[in-house]
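Undergrad: Provided below for reference: sequence and predicted model.
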Amino acid sequence: MSKQKNGNSRGKLSPDRPGFHILLAIAVTAAIFILAILFLRLFTRHGHEIEMPSYAGQSAQELTQSGKSEGFVFVVNDELYENGTTPGTVLKQNPLPGEKVKRGRKVYLTVAAAEPPTIKMLELRDLSLRQAQIMIESQGLVLDRVIEKPSPYENVVLEVLYKGHSIAQGTPIKQGEKITLVVGKDIGDLPDSDSTRTETSEN
């Protein structure tokens, strides 16, 4: 009786039976699927994300020369001048501090430039005071003073001054420099010079 049962068991698992190959194919497929999942988890370091530290104020040269620090690769991709900052230190970074990231990824740094970049002066004459102010700020310049001058063109830029002298379009100038605008003021709003002289002579 036992011999017969063993014979039946061996018969069910025999390679000659059609069901054997189906079960074998299912088992192999399942094994490949499981191995693929394990490999992807290992390759992507699933569950091994860390919080991105802040590198603001640190030397970009030290970070890049070290090759890798805390598992990151550092790349300087931009320079920005900010008054009062130490040249070569990190101002901004991408990814931002606090983001969840994986080790080994690249961190792009914006570092402090040693001196402001040089730009070419834009043409501001004949623009409104508001338009000129917007263009000055967009170029990284500073509007220092606004001088009013008698003119029929109200609030229109008549002249652009740099260090007390007229500056022409296309003149090289460093960002952060101060600019003075001479703008028109309606003559009717200004004191009458003739009447002033008359009052003075009468007195």
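TA: Looks like it arrived, so ask away.
Undergrad: so residue 141 touches residue 179, yeah?
TA: Yes. Using Cβ atoms under 8 Å, residue 141 is in contact with residue 179, at 5.3 Å. In this view, the C-beta of every residue, glycine as well, is placed from N, C-alpha and C.
Undergrad: hang on, isn't residue 169 packed against residue 127?
TA: No. Using Cβ under 8 Å, residue 169 is not in contact with residue 127, being 11.7 Å away.
Undergrad: more neighbours: which of the two?
TA: residue 127 (19 against 11; other Cβ atoms under 10 Å).
Undergrad: pLDDT at the closest residue in space to that one that isn't next to it in sequence, what is it?
TA: On the basis of Cβ to Cβ, 6 or more residues apart in numbering, the spatially nearest residue to residue 127 that is not a chain neighbour turns out to be residue 157, at 5.2 Å. Residue 157 is assigned 96 on the pLDDT scale.
Undergrad: so what's residue 157 up against?
TA: Taking Cβ atoms under 8 Å, 6 or more residues apart in numbering, we find residue 157 in contact with 124-129, 132, 181-183.
Undergrad: okay if I get those residues as CSV plus pLDDT and distance to residue 146?
TA: CSV is the format used below for the contacts of residue 157 (pLDDT from 0 to 100; distance: Cβ to Cβ, whole Å):
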residue, pLDDT, distance to residue 146
124, 95, 12
125, 95, 14
126, 95, 16
127, 95, 13
128, 95, 12
129, 95, 7
132, 96, 10
181, 97, 5
182, 97, 8
183, 96, 6
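Undergrad: flag every buried residue along the longest helix along the chain.
TA: As assigned by DSSP state H, the longest helix anywhere in the chain is helix 18-43. Residues of helix 18-43 include none that count as buried (16 or more other Cβ atoms under 10 Å).
Undergrad: what's the answer for stretch 53-60, then?
TA: So, applying 16+ other Cβ under 10 Å, buried residues of stretch 53-60: 55, 58, 60.
Undergrad: next one: phi and psi at the first one?
TA: By that I understand residue 55. Dihedral pair for residue 55: phi -110, psi 10, per degrees, to the nearest 10.
Undergrad: let me see the contact set for it.
TA: Residues near residue 55 by Cβ under 8 Å, 6+ apart: 63, 74, 90, 93, 97, 107, 109.
Undergrad: ditto for the second one
TA: By Cβ under 8 Å, 6+ apart, the contact set of residue 58 is 89-90.
Undergrad: show me the helices in this protein, by range?
TA: With DSSP H as the criterion, the chain has helices spanning 2-12, 18-43, 60-65, 129-138, 193-202.
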